[in-house]
Structure formats: structure tokens, C-alpha cells
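Q: Quick one: sequence plus predicted model below, questions after.
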Amino acid sequence: MIKVAVAGLGFGRQFVPIYRDHPLVSSVVTADPAEGSSLDDVLADPTVDAVHIVTGLTDRADHVVAALEAGKHVASTVPMALSFADISRIVEARERSGTTYMMMETAIYTRAFLYAAGLAFGNISHARGVHTQDMTGWPGYWRGLPPMHYATHAIAPILHLLDAPATQVTALGGGLLDPRNRGGYDNEFAVESALVRVAGRNTVVELTRSLYQVARPYAETFSVYGDRLGFEWDRDMVLHTLQPPTEARGRQVTTEPVVAPDRPDLLPEEIRTYTSGGHDGSHPHLVHEFVSAVVEGRPPAIDHTRAANWTAVGIAAHASAQRGGVPVALPHF
């Protein structure tokens, strides 16, 4: 059993009871300045085995590196970092420490993704990921953030289904940010859209991301189209089936609505009730994967290498958009 600390009790507060009830967790402590406790205190505590870092976007890379250097297993909210340099710092710190790093990407544990992961798409020729969210009124470090720097929710389900890393990105930016929505970043775009090349795949992957000035409700969606099945998750889910050819022109496609089931069967009994929670039921699956990986001494599903690639897609996309669509290769982490 392991002792876990949760650092950052904004969004992080939702994970505390899940860790508390997990059968492989002996105890949970928290760290948050508002609670009179600090990350430094947690990292100095030899009884703490693992730290789930849910701290601010601009401080996260420093916090993750510090936790790894303290010899802790680390779970981190998304994205991994905001620059190639900080991704490299985290990867190198993880390699020196030999401990576990997992990026807690909700998108590959949603009901929708768990359903799609069980489908036989055939050869996937086209996929699309979209994440729209208005950040007006959020903490100041979000203001002006390049939309693609927070792209992991949109790209993760696609790359995970394709089981291959991205290698190159071509992107364009659209819309001019209102001066009130500009901050301490080199970004003027309200929206960024990209085409992503994937290693060893002939799949066209589209990606769109926005943070301000887009009249669309919050959405994390993905669509995947193969030569047998197609799956779309927008506000609802549908499944398309390509029928066998006949003598008529064109092949018929039948479409049916889908309600993805909850998957408590994938979890220990003690935390199954938490699948009714946020991010489409993903939180207990994330906790279980992280805790299990630490206890079993194996790489987690979203280890430092996969997290680095998924995060780097967005950083490369913004760099491409700034250059008017010049292709940008992803570093190999």
C-alpha cells in the first residue's frame, strides 16, 4: 500500500476521496497554501510515496521536477508542460529518479473513449479532435494562452486509439484575441486548427482548440472513421456502420445512436461509485491506473514518453500557426 499526497485543492479536491477509498492506498494527505500546507512539506515527508500535482499551469513543470527529484512517484494534471524545454526537464528528471510519472489525461478514460476503444474500426483513415472552452474569469495565467498549449484532451483519444506517436504538425491560427483576453504569452489567436502526422499511419488527423471568443458550449469531442465503423462523440454519440458493397452506386452507411455504458467493472469495488463523477466518469479510472502502476512497478498507461508526445503536439501546433502553417516536427523525447 502507498501513501498519497494531493497537491492543489482546486480541481484536485475531487480526487482526494477516490484515493482515500482505493484499497491500495494507506492514507491521503493534502498540500495547498490556502490550507496552510505546502508542496515542500509533502516532498520532505519520507512517508509520502506518491504525489498527485494539480497546481497552477505555469508552475506545474517546476513542481513535477521537484517531486521527481525528491524520489516521489508523480501523477500530474494536464498538460505536461508549456514548452519543449520543460517537457525535456520532466523526462530527464523522471529518468534520473527511476520513479513513476503519469499524466492524468481524462480523455482516455471517459465512457465515450472506453466504448470506442472496444470497437473494430478497420483501417482508420480519418480522425478529428475538438476541445472548446471559454476561460473568461479563470485565473490570470490562462489569459492569452495559445489554445493548442492545452490540446491534450483533443489529441489524446486519437493517438491512443491509433497506438502511435505524432511526428509532425501543420497549423493555422484564426480570430484575433480581444486585448482583454491577451496575457503574458506570445499569442494573438482565438482559435488554432491543425493537421497531425502520425508515425506509421496513413490517417488524416484534424485538431481544433479554442479558449476565448468562440460561441460554442464546453466540449471535449472526438470522431474516428475506419473502413468498417465510424464513431462520433459531440454532445451525443453515434455509430456508423459501412455496409458491404452491392450493385447499386455507393455503399450504404447505417447510423445508430449510442449510449456508452459506465464501466465500474474495470475498478476495485471500493471506488466504483465514483464513475458517476466528472469528466465523463474518468477520475476513478485515472486514480486506479496510477496507483496500480506504482504498486506493481510497471509503466502507467500515460507514462512520461506518451505524455511528452501528446503535449508536444500542441506546442508544435502553435509554433506552426505562428509561422503561417509551416510544418513543425516534434522532438523525440
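A: That came through fine. In this text, all values refer to a predicted model and were calculated from it rather than measured experimentally.
Q: going forward, measure contacts between C-alpha atoms and count neighbours the same way
A: Fine.
Q: which stretches of the protein form strands?
A: 2-7, 25-31, 50-53, 73-76, 101-103, 124-132, 166-176, 189-198, 204-210, 219-226, 229-233, 237-242, 253-258, 328-329 (DSSP state E).
Q: mind putting those in JSON lines, distance to Ser276, mean pLDDT and mean neighbour count included?
A: Shown next, in JSON lines, are the strands of the chain (distance: least, C-alpha to C-alpha, whole Å; pLDDT from 0 to 100; neighbours: other C-alpha atoms under 10 Å):
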{"stretch": "strand 2-7", "distance to Ser276": "21", "mean pLDDT": "98", "mean neighbour count": "22"}
{"stretch": "strand 25-31", "distance to Ser276": "21", "mean pLDDT": "97", "mean neighbour count": "18"}
{"stretch": "strand 50-53", "distance to Ser276": "21", "mean pLDDT": "98", "mean neighbour count": "27"}
{"stretch": "strand 73-76", "distance to Ser276": "22", "mean pLDDT": "98", "mean neighbour count": "26"}
{"stretch": "strand 101-103", "distance to Ser276": "22", "mean pLDDT": "98", "mean neighbour count": "28"}
{"stretch": "strand 124-132", "distance to Ser276": "22", "mean pLDDT": "98", "mean neighbour count": "21"}
{"stretch": "strand 166-176", "distance to Ser276": "32", "mean pLDDT": "97", "mean neighbour count": "21"}
{"stretch": "strand 189-198", "distance to Ser276": "32", "mean pLDDT": "98", "mean neighbour count": "23"}
{"stretch": "strand 204-210", "distance to Ser276": "27", "mean pLDDT": "98", "mean neighbour count": "23"}
{"stretch": "strand 219-226", "distance to Ser276": "18", "mean pLDDT": "97", "mean neighbour count": "21"}
{"stretch": "strand 229-233", "distance to Ser276": "19", "mean pLDDT": "98", "mean neighbour count": "22"}
{"stretch": "strand 237-242", "distance to Ser276": "18", "mean pLDDT": "97", "mean neighbour count": "18"}
{"stretch": "strand 253-258", "distance to Ser276": "18", "mean pLDDT": "96", "mean neighbour count": "12"}
{"stretch": "strand 328-329", "distance to Ser276": "39", "mean pLDDT": "98", "mean neighbour count": "20"}
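Q: quick one: low-confidence parts of this protein?
A: By pLDDT under 70, the chain has no low-scoring segment.
Q: Could you export the strands of the chain as CSV, including distance to Asp280?
A: CSV is the format used below for these (distance: least, C-alpha to C-alpha, whole Å):
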stretch, distance to Asp280
strand 2-7, 21
strand 25-31, 24
strand 50-53, 20
strand 73-76, 19
strand 101-103, 17
strand 124-132, 14
strand 166-176, 25
strand 189-198, 24
strand 204-210, 19
strand 219-226, 10
strand 229-233, 12
strand 237-242, 13
strand 253-258, 15
strand 328-329, 32
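Q: Quick one: closest of those strands to Trp310.
A: Evaluated with C-alpha to C-alpha, these place strand 166-176 nearest to Trp310, the distance being 7.5 Å.
Q: Give the pairing partners of the closest one; include direction for each.
A: strand 189-198 (antiparallel), strand 328-329 (antiparallel) (DSSP bridges).
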